[in-house]
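K.L.:
Compute the structure for the input listed below.
(one chain, ligands or ions: 1)
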Amino acid sequence: VGKRDKSAPSTAGFSYEKWEINPSELTFMKELGCGQFGQVRLGKWRAQHKVAIKFVRQGAMHEEDFIEEAKIMMKLSHPKLVQLYGVCSQQKPIYIVTEFMENGSLLNYLQEGRGSFDLGSLLSISLDVCEGMEYLEAHGFIHRDLASRNCLVNDSRVVKVSDFGMTRFVLDDQYTSSSGSKFPVKWSPPEVFNFCRYSSKSDVWSYGVLMWEVFTEGRMPFENNPNHEVVTLIMQGHRLYRPKLATPTLYDIMQLCWKERSEDRPSFSSLWVMLSDTLEEDV
Ligand SMILES: CS(=O)(=O)c1ccc(C(=O)Nc2cccc(-c3cn4ccnc4c(Nc4ccc(C(=O)N5CCOCC5)cc4)n3)c2)cc1
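P.N.:
Presented below is the predicted three-dimensional model:
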């Protein structure tokens, strides 16, 4: 096993591949909630490192495909991405072990803190997510379900992107089929809800909706419209309104993310420059 970052759980055990964690080195603590794959708990690795542990329910995931992909995902490392530490795949259910984020989902954090955010903190949240996505874009990695519910907040109030690429292993077709009740239509561009054509530019569309969630402090996009109505509205050219807390410049940036043609949308790297430039303007 190559030299590993001491802070991240390394397998060390001679009998484990470097993406495998020895389950006997994990202790389980409080439940954090339930996700698409099942229960998530706080845990400790080797008695001192706090970690989040996902227990993958039987029948919820394409497990072999995921284990294969985990080797690649382990290599994706960035301060604004929730770090995958490894998997325990020698038993059922399998475990997915990641860095722990004390303040939970960004959506919950926005809703609980509604009324307490200033423009600077909302912009800082948007920049954190943009930086994580810029790294994925640079590595040709598509998220496929970017939304505030899939971002997490740590105890230093840093926001990180989570569960990137994981939708490819979901077995629930209510979630994977674009007509399914759980498909993220309100975060999807036309080329995705019509043809499932995913790209970093479809992630940019979702990022625009995430910015709308941030500046509305966790409201539901198109809250009075069911998914099928949103498909029609978007195809007719309708878009989300300007959130009160968003300056016209920030709303212009959101609208660039919602250009109908994916090639007309900005990259995450140019989004980062545009957002950073508003820092001077909004002060
Ligand atoms: C994109 S996808 O493939 O469909 C997919 C999406 C999501 C998931 C998934 O596992 N979701 C999921 C569900 C629950 C918890 C997690 C989840 C995952 N994590 C990874 C790192 N840290 C966490 C974490 N932290 C939490 C969560 C809740 C609290 C909490 O109780 N709070 C109350 C008091 O105020 C502070 C917050 C605290 C920390 N929660 C992840 C799985 C698959």
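
K.L.:
Return the nearest residue of the stretch 151-283 of the chain with respect to the ligand.
P.N.:
Nearest residue of the stretch 151-283 of the chain to the ligand, counting by Cβ to the nearest ligand atom: Met166, 3.2 Å away. All C-beta spots, glycine's among them, are computed from the backbone N, C-alpha and C.

K.L.:
Get me the contact residues on the stretch 51-200 of the chain for the ligand.
P.N.:
Contact residues (Cβ under 6 Å from any ligand atom) of the stretch 51-200 of the chain with the ligand: 52, 54, 82, 98, 100-104, 145, 150, 152, 163, 166-167, 170.

K.L.:
Now for those residues: which two are most distant?
P.N.:
Between any two of these, the greatest separation by Cβ to Cβ is 26.2 Å, found for Glu102 and Val170.

K.L.:
thinking again about what came up before, narrow the residues of the stretch 51-200 of the chain next to the ligand to just the buried residues.
P.N.:
Buried by 16 or more other Cβ atoms under 10 Å: 52, 54, 82, 98, 100-101, 103, 145, 150, 152, 163, 166-167, 170, out of those.

K.L.:
Run through the residues that contact Ser181.
P.N.:
Contact analysis of Ser181 by Cβ atoms under 8 Å, 6 or more residues apart in numbering lists 174, 227.

K.L.:
my read is it is in a strand, agree?
P.N.:
No - going by DSSP: H, G, I helix; E, B strand; the rest coil, the assignment for Ser181 is coil, not a strand.

K.L.:
okay, the buried ones among the residues of the stretch 51-200 of the chain next to the ligand in TSV with secondary structure and distance to Val209 next?
P.N.:
Conversion of those to TSV gives the following (DSSP: H, G, I helix; E, B strand; the rest coil; distance: Cβ to Cβ, whole Å):
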residue	secondary structure	distance to Val209
Ala52	strand	25
Lys54	strand	25
Val82	coil	20
Thr98	strand	24
Phe100	coil	27
Met101	coil	21
Asn103	coil	21
Asp145	coil	11
Asn150	helix	12
Leu152	strand	18
Asp163	coil	16
Met166	helix	19
Thr167	helix	16
Val170	strand	20
